[in-house]
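Engineer: Quick check, what structure comes out for this input:
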Amino acid sequence: LPAANDGGEQQKAAAAATGVGARRVVDVGVILDTTTWLGNISWASMELALDDVYADARYSNYSTRVRLHLRSTGTDAVDAASAGVDLIKNVRVQAIVGPQTSTQAKFLVELGNKSSVPIISFSANSLTRSPSQTPFFIRTGWNDTSQAEAIASFVQKYNWRDVVPVYEDDDSNAKFIPDLVDSLVRVDTRVSYKCKIHPEAGDDEIKRAISSLKGNWTSVFVVRMSYQSALKFFQVAKDEGMMSQGFVWIMAYGLTDIFDIIGVPAFDVMDGVLGFEPYVQDIGEKFRQRWRKKYQSENPGTSLNGPILSGLYAYDTAWALALAAEKAVYVNSDLVPPEANNGSTDFDRISTSRAAEKLLDAFLKSNFSGTSGPFLIQDRQLISTTYKIINIVGQERRIVGSWTPRFNIFKSPEINDDLDTIIWPGGIVSTLPYKVPIHYEEFGDGKGQSSGTYDELVYKVYLKEYDAIVGDITILANRSLYVDFTLPYTESGVRMLVPVRDRRQKTEWTFLKPLAADLWLATGAFFVLTGFVVWFIEHRTNQEFRGPPTSQIGSIFYFSFSTLVFAHRERIVNNLSRIAVVVWLFVVLILQQSYTASLSSILTVEQLQPTVTNLDEVIRKGGNVGYLNDSFLPVLLKRLKIDESKMIAFDSPEEYNDALSTGRVAVIVDEIPYLKVFLKQYCHNYTMVGPTYKFDGFGYAFPRGSPLTSEISRGILELASNNTMAQLEENLYGDTQCPEKDDSQTSSSLSLHSFLGLFIITGASSLLALILHAAITLYNHWHDLVSDNSQSSWHRWFALVSSIFHNSDSSNTPVKDEPGVTSLDCTTVIIENFDSDTDTGSPPEGEGTPGRQIWVQDPEPLSFAYLHSERLE
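Structural biologist: Modelled structure (predicted):
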C-alpha cells in the first residue's frame, strides 16, 4: 500500500488537551501526491482550515470533529484506488477528499458509488460522465464549462474565427476540450485543428507540435497542460519564434498557477500570454502569514508567498466538511454490512455507509463565504461564475479584465468598463491583435515572365503550394470552388479601351459650323424680311430709301445686313420701322454673341469622340481585339462572339498604346483597374466606352475555410469607410481628370430650335409694323380710293393702291437741319426739287432749274440709295 500519514493522531492529541475527547470524530480520507507542489499546498491548506474552524468561537462548541487521514499515492491510478479501498474498508472514512488527477478520479468514482462514500475533489477536472451517473463525486474547484464560456466570449470580442486548443492528451482535458469547442462554435469560431501533446513528451515531440502550429493558418491558441509540460512547451515555442509578435496564447486555469509555483523561468518564456482563472478577493496578509507558517513548518526550505487558488479550494473544502459533519444526524458511525459480503476482491467486499450518505447530504447543502468566494454546490459542482483575465507582462501578472455570464467581458467586477490595454507577445498590435508572418514569393521567373495563368495560380492555393494570393486576382465563380476570396478591394467590371479623335475638323469652312443649316437659312430670311419691312415703311417718306428699283433693292439688303455689325447709316423716320429695327437688333445681338462663343469653342476646345462605341461594330468591321495575357478574358470574349483569330494577347498595359496607335487592334478589352492605370499616362488619346461587363473585382485568395478571409475582409471594409481606400486609389490612378469624351453627342452647332422664340418675336414685330403701316396709309388715302368711281376695274384699283404706296409723300419728308453756327466747316449740297409726279431723275445742267441750297453741319456719309442714284445719273 502507498505510504500512510495519519494526520488524525495530532488532532487526537489536541482533542485530549482541550477536554473534548468525548466528541464524535468524523473520519475523512485525503488522497494527494505529496511529492508535488499542489499536493503539499493542498494538505497544508486543509490542516489550516480545520485548525481555524475549530478555533473560531462560532464553532468551538461543535460536538463533532473531522479527522483527516492522508494517503500519498503519487500519480498512479491503481495506487489511488488501493488507497481508497484501504480508507473505506479499514479506516471506515465517511468521505474522501481527492484524488489529485482526473485519471485517478475515474477509479475512485466507482469506489464511491459502490460504498456511498462521497469523493470530493478540488483539483481533478470535470469528468465526462454526467452528475446523475456519478452521484457521489463532487467537485469543489473551478467549473470547466463556465471557463470554456469565458474563453469563448473573449475570442468573440476580438472576432477571431479560428482557434487551436493545445493540451495534454490525458483525462484532465477529456471534458474541458469538448466544452471549449462547443462554446467556440456558439460564437461562430471554428476549431479546425487540435494539438495534442503526450504528458511525457520530449523536446523533439514538442518541436514537431510547434512546427504543426506554425504551418497552420491560425495564430490563436488555448493552452491547457501541466506545469512541467507547459514550461517545456513555451520554451520551445520561444526558441521557434512563436512567442513574438503575431501570436495569441491563452492559458486555461490550472496553468495560471505556474507563475506562483515556478516563478521567474515561467515569466521569462511566457511574456504576453493571457490567462483565465476564477476570481477571488484578496485573502489578506494575515491569512497569508499564517498559511506560510503552516506550510513552511511541514516543508522546510521552501518559500511561497501564499496558497495558490487550488490551496484556497482545499481550505474551503475542509471547512465545508467540518460544518457538514456537525449538521449530519448520525445514529451510529458503523458501516452497515451489505446483503452479500463474500466477494473475491476487496472491492467486492466493500460495505455501504449510511453515515457517509448523511454527510453527503449535509455537504451538498453547504452555503458560506469561503476564501475562494461563495461556497455553493449546484449539480455536484462548486458554482464559479466570475473569472479574471490576467496578462503576463515582464515579471508580473496584470489583471486586465473579468468575465461573468451576465456582463460578459468587462474591465473589473467593480467597474463595468472595457478591458485594460493588453500587451501581446512582442508588444501591442495595431490593426489585428496578432500578426501573420508573411513571406512573399513571385509567381514568375524573376524576369517579368509569369509562371502560368491566374487560374493556375489560384489552383496552387488549393494544392497548398501557396498559403494565399495577394494581388490582382479577379473574383470568379469557378475560382471560388477552390479558394475563399475576401471582399473586393477595387471596383468591378470589364470595359473597352479605344482611341479618340477630335470630331471637330478644322477646315476653311469651319466658320460655318457654329450655326446649323436651318439657323443660317432662318437668319438670312429674317435679314431680308426685316430689310423689306423697313424699306416698305420708310421709302414713301424717307429719301434715303428712294431711287431706281435696283437702288431700292440694294437699300433693302445693305440696310438689313449692315445691322449685323451695327453699321447701318440710313436714318429711320417712321416709328413703326423703328420698333421693327430695335427688336431685330436685339435678335442680332444674341445671334452674334452665340456665334462668337460657339466658334471660339470649335477653334480652341477639342471635342474628342471614340472611334468605336461597341463590340458589335468591331465584329462587323472585322477589327482585332486585344486583351491581357494569362487572364480570364478569352473566355469572356468568346462568349461575346469574338472570333479567336481576332484576339491578340498583350503582356502588359504598356503595350496597349503601340497596338492601338498603329491600328493593330481596334479595341482593348480589359478590367477597369488596368484601364485606369493605362489612362493615367495616356489620358488624352484614349477612353473607356461601351457597356460594363460586371465582375466582382480584385480580392485576396485564401484556402477554403481560412479565418484570415473574414479578418482581411473586415480590414478592407474599415479602409473603405475611413477614406483610406480612396487615397490609395488616388495614388494608383492619379488625381488628374481626363477631358470629357462624349460619344453620344452628334452635333454641337446651334440650331434654329434654340432661337425660335426670338425669331417669332422679331417676325411678329415686323409683320405687325408692316400691317399697321399699310392700314394707316390706306386710311389716309381712303378719300382718293372711294372718289375714283369712274372705273371699277380691279386693275385700276390695284394701280391706284400701288401709286399710293410707291409715290413719295413730300409732306412727311424730313427737312435737313439748317446751319446753326457759321464758323463751323460746312459742305454745300444742292438738292434738286422733284415733282411728286415725275421720275427720280436729275435735269441736265444748264437748264437753270431752280433749287435750294442747304447747309449741313458735320454731314453724315451719304446713303447707299443716294450714292447709287448719283452714280446712275
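Engineer: Domains of the protein: list them as residue ranges, please.
Structural biologist: Per the TED database, the structural domains of the chain span 24-141+282-382, 144-281+387-410, 510-604.
Engineer: okay, the spatially closest residue to Pro634 that is not a sequence neighbour: pLDDT?
Structural biologist: Nearest residue to Pro634, sequence neighbours excluded (C-beta to C-beta, 6 or more residues apart in numbering): Met647, at 6.3 Å. Any C-beta I mention is one placed from the backbone N, CA and C, and that applies to glycine too. Listed pLDDT for Met647 reads 92.
Engineer: In the sheet, which residues pair with Met647? Tell me.
Structural biologist: Beta-bridge partners recorded for Met647 (DSSP bridges): Val625.
Engineer: Who are the contact partners of Asn125?
Structural biologist: 102, 144, 171-176, 254 (C-beta atoms under 8 Å, 6 or more residues apart in numbering).
Engineer: Is my assumption valid that it occupies a position in a strand?
Structural biologist: No: the assignment for Asn125 by DSSP: H, G, I helix; E, B strand; the rest coil gives coil, which leaves it out of any strand.
Engineer: who's in contact with the residue nearest the centre of the chain?
Structural biologist: Geometric centre of the chain, nearest residue: Leu717, 1.1 Å, by C-alpha atoms, centre = their mean. Leu717 is in contact with Leu487, counting by C-beta under 8 Å, 6+ apart.
Engineer: helix or strand for it, which one?
Structural biologist: helix 708-721 (DSSP states H and E).
Engineer: And that helix, what's buried?
Structural biologist: Residues 708-716, 719 are the ones in helix 708-721 that count as buried (16 or more other C-beta atoms under 10 Å).
Engineer: Helices - which of the contacts of Asn125 land there?
Structural biologist: 102, 144, 176 (DSSP state H).
Engineer: Considering those residues, which possesses the most neighbours?
Structural biologist: Tallying neighbours with other C-beta atoms under 10 Å puts Asp144 at the head of the ones in helices among the contacts of Asn125, with 26 neighbours.
Engineer: thought that residue was touching Ala174?
Structural biologist: No: at 10.0 Å, Asp144 does not count as touching Ala174 under the criterion of C-beta atoms under 8 Å.
Engineer: Could you measure from Ile31 over to Ser115?
Structural biologist: Taking C-beta to C-beta, to the nearest Å as the measure, Ile31 falls 14 Å from Ser115.
Engineer: do Asp144 as well
Structural biologist: On the measure of C-beta to C-beta, Asp144 and Ser115 end up 26 Å apart.
Engineer: Check Asp171 too.
Structural biologist: For Asp171, the distance to Ser115 - C-beta to C-beta - is 22 Å.
Engineer: Looking at these two, which is more packed in?
Structural biologist: Set Asp171 next to Ser115 and count neighbours by other C-beta under 10 Å: Ser115 wins out with 27 against 18.
Engineer: My guess is the more buried one contacts Val85. True?
Structural biologist: No: in this structure Ser115 lies outside contact range of Val85 using C-beta under 8 Å: 9.2 Å.
Engineer: Which positions in stretch 767-779 come out as buried?
Structural biologist: Buried residues in stretch 767-779 (16+ other C-beta under 10 Å): 769-770, 773, 777.
Engineer: okay if I get those residues as CSV plus distance to Asn542?
Structural biologist: Compiled in CSV, those are given as follows (distance: C-beta to C-beta, whole Å):
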residue, distance to Asn542
Ala769, 14
Leu770, 15
His773, 12
Thr777, 14
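Engineer: between those, which is nearest Pro300?
Structural biologist: Ala769 (132.8 Å; C-beta to C-beta).
Engineer: Does the strand or helix carrying that closest one pack against any helices or strands, and if so which?
Structural biologist: For Ala769, the element it lies in under DSSP H and E is helix 752-780. The contact analysis (3 or more C-beta pairs under 8 Å, 6 or more residues apart in numbering; DSSP states H and E) places helix 752-780 against helix 517-538, helix 575-604, helix 794-806.
Engineer: and among those helices, the most buried is which?
Structural biologist: Among these, helix 517-538 has the highest mean neighbour count (mean count of other C-beta atoms under 10 Å), at a mean of 20.
Engineer: what residues does that one touch?
Structural biologist: 512, 515, 544-545, 552, 555-557, 559-561, 563-564, 570, 572-574, 576-577, 580-581, 584, 587, 591, 749-752, 754-755, 759, 762-763, 766-767, 769-770, 773, 805.
Engineer: what do you get for stretch 144-155?
Structural biologist: Stretch 144-155 is contacted from outside by 125-126, 163, 175-176, 179-180, 182-184, 186-187, 189, 220, 222, 250, 252-253, 274, 276, 278, 384-385, 387, 389, 403, 405, 408-409, using C-beta under 8 Å, 6+ apart.
Engineer: Take those residues and keep only those in helices.
Structural biologist: 176, 179-180, 182-184, 186.
Engineer: Nearest residue to Phe234 in space, please, no chain neighbours.
Structural biologist: Closest to Phe234 by C-beta to C-beta, 6+ apart is Val269, at 4.3 Å.
Engineer: give me the number of residues near the one you found?
Structural biologist: 20.
Engineer: Same question for Leu70.
Structural biologist: 24.
Engineer: Please tell me how far the strand or helix carrying it is from the chain's geometric centre.
Structural biologist: Assessed by DSSP H and E, Leu70 sits inside strand 64-72. When distances are taken as C-alpha atoms, centre = their mean, to the nearest Å, strand 64-72 is centred 64 Å away from the chain's centroid.
Engineer: what packs against it?
Structural biologist: strand 4-5, helix 8-18, strand 24-32, helix 37-55, helix 309-327.
Engineer: With that, I have no additional questions.
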